[in-house]
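S.K.: Next comes the sequence, and after it the predicted model I'd like to discuss.
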Amino acid sequence: MMVGRSVSEFYIRRETNLGEEKLRVENLSRYGFFHNVSFHVRAREILGICGLAGAGRSELARSIVGVDPIDEGEIYLNGEKIVPRSMSRMVEYGVAYLAENRKTQGLALRLTVGENVLSALVPRHTKNFVYSKKRGKNVLNRLINELQIYPPDPSRTMGNLSGGNQQKVLLAKWLATEPQVLILDEPTRGVDIGAKMIIHKAIEKLADQGNAVVLISSDLPELVRLSNRVMIMRQGHFIGEMKKGEFTEESVLLAANGEGGWVNVKR
């Protein structure tokens with residue numbers, strides 16, 4: 001009743017034809033957090049990563065995008081090896097990361113909606129050391145409309161928005177960079193059902209445009225509905241993969257707990 005449509009529509013699984021490989025990770029390790037992790041994600045694909053708290057999911061994402069160091073392993077984007085020296089460098093490559101805690105890791109609550117959305121584009125909109133806000137005006141207005149950010153006022157202070165609208169602003173910030181690969185860490189945590197539907201639509205649209213999405217989520221209905229494949233992470237290792245049609249909420253939860261035939265951790 002709140003969103004004006006049937007719940008059954010909300011959980012319809014997405015169908016798509018996958019494209020070429022976008023991102024490949026080979027034997028990635030950060031000692032004490034995750035070890036020998038390998039996976040790939042293709043164009044138009046949403047790859048889900050499931051695991052219990054402490055499994056190393058967020059740590060893996062942070063290392064891929066250059067926030068935390070990597071001890072071993074290699075990362076390839078469109079078949080070319082890249083080195084994640086910093087998050088700003090990875091954004092230039094076309095890899096963006098939406099962190100799980102919007103208030104401490106994603107947004108500047110004392111700045112405006114517009115300043116937050118365009119913050120990752122400052123280098124692109126700067127010429128001769130002078131930043132121009134006008135260059136991002138069209139992108140800003142489009143994302144405010146598409147994500148239905150309320151109130152639709154770029155000058156509104158970020159801290160005055162509801163949690164759901166803050167999360168939509170955070171997503172808009174990374175969509176503005178036009179990423180080839182977007183890594184999402186708990187993208188709908190703490191938001192209402194209406195905001196969740198809008199965020200899901202935006203994620204699907206990004207993938208349908210030929211980009212790749214890595215979805216880290218503890219929301220099992222969300223993970224099962226959006227993902228084309230699900231990788232199971234346990235104790236810092238990937239212990240297996242479930243393809244579309246093979247996984248349900250129950251099977252994913254059992255696998256994350258090391259049950260249901262997924263009890264052996266690969267080392």
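M.R.: Thanks, I have the structure now.

S.K.: beta partners for the most centrally placed residue in the chain?
M.R.: Nearest residue to the geometric centre of the chain (CA atoms, centre = their mean): Leu184, 1.4 Å. As for beta bridges, Leu184 partners with Leu98, Leu215 under DSSP bridges.

S.K.: Now do the same contact list for it.
M.R.: Leu184 sits next to 98, 203, 213-217 when contact means CB atoms under 8 Å, 6 or more residues apart in numbering. C-beta here means a position set from N, CA and C on the backbone, and glycine is covered the same way.

S.K.: so how far is Asn141 from Gly54?
M.R.: Separation of Gly54 from Asn141 (CB to CB, to the nearest Å): 41 Å.

S.K.: ditto for Asn228
M.R.: Shown here: Asn228 relative to Asn141, a distance of 32 Å by CB to CB.

S.K.: Ok, Ser132 next?
M.R.: 16 Å.

S.K.: Which one's more surrounded, these two?
M.R.: Asn141 (14 against 10; other CB atoms under 10 Å).

S.K.: about what we covered before: max pairwise distance over the contacts of Leu184: which two?
M.R.: The most widely separated members of those, counting by CB to CB, are Ile203 and Ile216 (12.3 Å).

S.K.: What are the boundaries of the strands in the protein?
M.R.: When assigned using DSSP state E, the strands of the chain occupy the ranges 21-30, 34-42, 46-50, 72-77, 80-82, 95-98, 126-127, 130-131, 181-185, 212-216, 229-234, 237-243.

S.K.: Select, out of these, the one closest to Met158.
M.R.: Taking CB to CB as the measure, these were each checked against Met158, and strand 95-98 came out nearest at 15.5 Å.

S.K.: neighbouring contacts of the closest one?
M.R.: 23, 61-62, 64-65, 67, 77, 84, 87, 90, 106, 120, 170-171, 174, 177, 179-185, 187.

S.K.: now, which of those lie within helices?
M.R.: Secondary structure from DSSP state H places 61-62, 64, 87, 90, 170-171, 174 of these in helices.

S.K.: Top of those by number of neighbours, please.
M.R.: Leu171 (27 neighbours).

S.K.: so who does that one touch?
M.R.: For Leu171, the contact set (CB under 8 Å, 6+ apart) comprises 98, 147, 187, 199, 202.

S.K.: measure it to Asn27 for me?
M.R.: Relative to Asn27, Leu171 is positioned 31 Å away (criterion: CB to CB).

S.K.: and what of Leu253?
M.R.: Spatial separation of Leu253 from Asn27 under the definition CB to CB is 28 Å.

S.K.: of the two, who's got more company?
M.R.: Neighbour count, other CB under 10 Å: between Leu253 and Asn27, Leu253 has more, with 14 against 11.

S.K.: Asn36: neighbour count?
M.R.: Asn36: 15 neighbours (other CB under 10 Å).
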